[in-house]
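Peer 1: Predicted model and sequence below, questions to follow.
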Amino acid sequence: MDVPSLQVKSSKHTYPIIVRPGCRTSLYDYLVQYLDGASRYFLITDDQVASLYLEEIESSFPNSEKIKSYILPSGEQSKSMNQYEKAITAALEFKLDRKSVIIAVGGGVVGDLGGFVASTYMRGIRYVQVPTTLLAHDSSVGGKVGINHPLGKNMIGSFHPPSLVLYDPECLLSLPPKEWRSGFAEVIKHGFIADREFLKWLTEEISSFDQVDMALLTEMLIRSIKVKAKIVQEDEQESGIRAFLNFGHTLGHAIEGEMGYGKLTHGEAVAIGMKFALRLSERYFQTKLDYEPYLSVMEKLGYELDIPHNLNVEQLIHRMKLDKKSYNQVINFVLLEQIGKATLVEIKEEILIDELTGKVG
Ligand SMILES: NC(=O)c1ccc[n+]([C@@H]2O[C@H](COP(=O)([O-])OP(=O)(O)OC[C@H]3O[C@@H](n4cnc5c(N)ncnc54)[C@H](O)[C@@H]3O)[C@@H](O)[C@H]2O)c1
Ligand SMILES: O=C(O)C(=O)C[C@@H](O)[C@H](O)[C@H](O)COP(=O)(O)O
Ligand SMILES: [Zn+2]
């Protein structure tokens, strides 16, 4: 069978990432090849993904008694305490044990929630990520799993690396343009923080999300995942450089929470946060980053990069103080010294008020 596209070393084990068009229909074979047996499989997905892919995935399993599918309502609101508890209850009712495996088939919502269920069920069982969105090339790697709290994004969670990531790029062909944009924001982010050449390549090669060539898409996914994998391998639990993956997220997460989860996609909010962080980088480092050509490609792809006007500056600052990178109420931002070179810096509240005022309602 396939050689993994990448392997990621984690503190618990090394896991393969396989990116291969069509692989979803042989999911069971991959589980047999890469996992050392399983008593039962608990497949978590959402209603939209289920209607597109569940039947063909389930039918790859020879023994239907060993697998149970659990379907969440699609959307960011499912990353909640309520949905988490319901999923745990269903897992208990299906009698999962410590040798069982959870399979998260879907986007980042399913992956984050399913991974969190796996990380806490009987104090932790194995799980497999089967990403079906472009965004999930990011969320399926690195083991950050969790759910939201009304007061902040991903406030309840843990680090729990998957045992396998099986990514079928063909699934992306059914994504609507909004979801392509959401995921592409995280691809661009990987270029901005760590790989200028990749960023240039991206903005030259991707001028539309219609009819993306499968070979090009696969190459893009692997290059983008490589950036993430290298960082999480070096700093799994975010004591240093992993914070760079949060470029655009300090303001992005505050906007998502303030608007109400799901109003903007995660990537749309991160894209706004990246533009803000780029401008802040120029001010902080007193330099020109010449990022405009990249933002103009993003605008052509349909991104709205300005902060929504109905938001309140004080509330955004309040939320940014709750961000996981903040200490003693001091807000830390991932900024760029150069394109491709990120760093984490403390930003004074006055500067943020000054930058946000006039740009927000
Ligand atoms: N854990 C991490 O490291 C990490 C990284 C980035 C983002 N995230 C999280 O990921 C979440 C966002 O993930 P997302 O953008 O994948 O959202 P999502 O899971 O909500 O998926 C977006 C929408 O696309 C639908 N969908 C999924 N696959 C599809 C397909 N193949 N065809 C058609 N529709 C499909 C879903 O049903 C949903 O409506 C956020 O909660 C974010 O915080 C986590
Ligand atoms: O993997 C990481 O680390 C990231 O920061 C990736 C982000 O794209 C992702 O949105 C992550 O969930 C944010 O983590 P958080 O710790 O800020 O909640
Ligand atoms: Zn993100």
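Peer 2: Thanks, I have the structure now. Residues are numbered from 1 along each chain as shown. Ligands and ions are numbered 1, 2, ... in the order given.
Peer 1: Spatially nearest residue to residue 4, not counting backbone neighbours?
Peer 2: In space, and not counting its chain neighbours, residue 4 is closest to residue 16: 3.5 Å by C-beta to C-beta, 6 or more residues apart in numbering. The way it works is simple: take the backbone N, C-alpha and C, and place the C-beta from them, glycine included.
Peer 1: In three-state terms, label the one you found for me.
Peer 2: What DSSP: H, G, I helix; E, B strand; the rest coil gives for residue 16 is strand.
Peer 1: Make sure I have this right: residue 95 is in a strand.
Peer 2: No. Counting by three-state DSSP, residue 95 falls outside a strand, being coil.
Peer 1: From what I see, it and residue 40 are in contact.
Peer 2: Yes. Between residue 95 and residue 40 there is a contact at 7.2 Å, judged by C-beta atoms under 8 Å.
Peer 1: what about these two, which has more around it?
Peer 2: Neighbour count, other C-beta atoms under 10 Å: between residue 95 and residue 40, residue 40 has more, with 17 against 11.
Peer 1: what sits against the more buried one?
Peer 2: 66-68, 94-97, 100-101 (C-beta atoms under 8 Å, 6 or more residues apart in numbering).
Peer 1: Export the residues you listed to CSV and append columns for distance to ligand 2.
Peer 2: Listed next are the contacts of residue 40 as CSV, based on distance: C-beta to the nearest ligand atom, whole Å:
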residue, distance to ligand 2
66, 31
67, 28
68, 27
94, 28
95, 31
96, 25
97, 29
100, 25
101, 22
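Peer 1: got TSV for the residues you listed, with pLDDT too?
Peer 2: Listed next are the contacts of residue 40 as TSV, based on pLDDT from 0 to 100:
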residue	pLDDT
66	95
67	97
68	98
94	98
95	98
96	98
97	98
100	98
101	98
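Peer 1: Residue 345 in helix, strand or coil?
Peer 2: Applying three-state DSSP: residue 345 is strand.
Peer 1: give me the beta-bridge partners of the nearest residue to it once chain neighbours are set aside?
Peer 2: In space, and not counting its chain neighbours, residue 345 is closest to residue 335: 5.5 Å by C-beta to C-beta, 6+ apart. Taking DSSP bridges as the rule, residue 335 bridges to residue 343.
Peer 1: I'd like the distance between residue 61 and residue 40.
Peer 2: Note on residue 61: its distance to residue 40, by C-beta to C-beta, to the nearest Å, is 11 Å.
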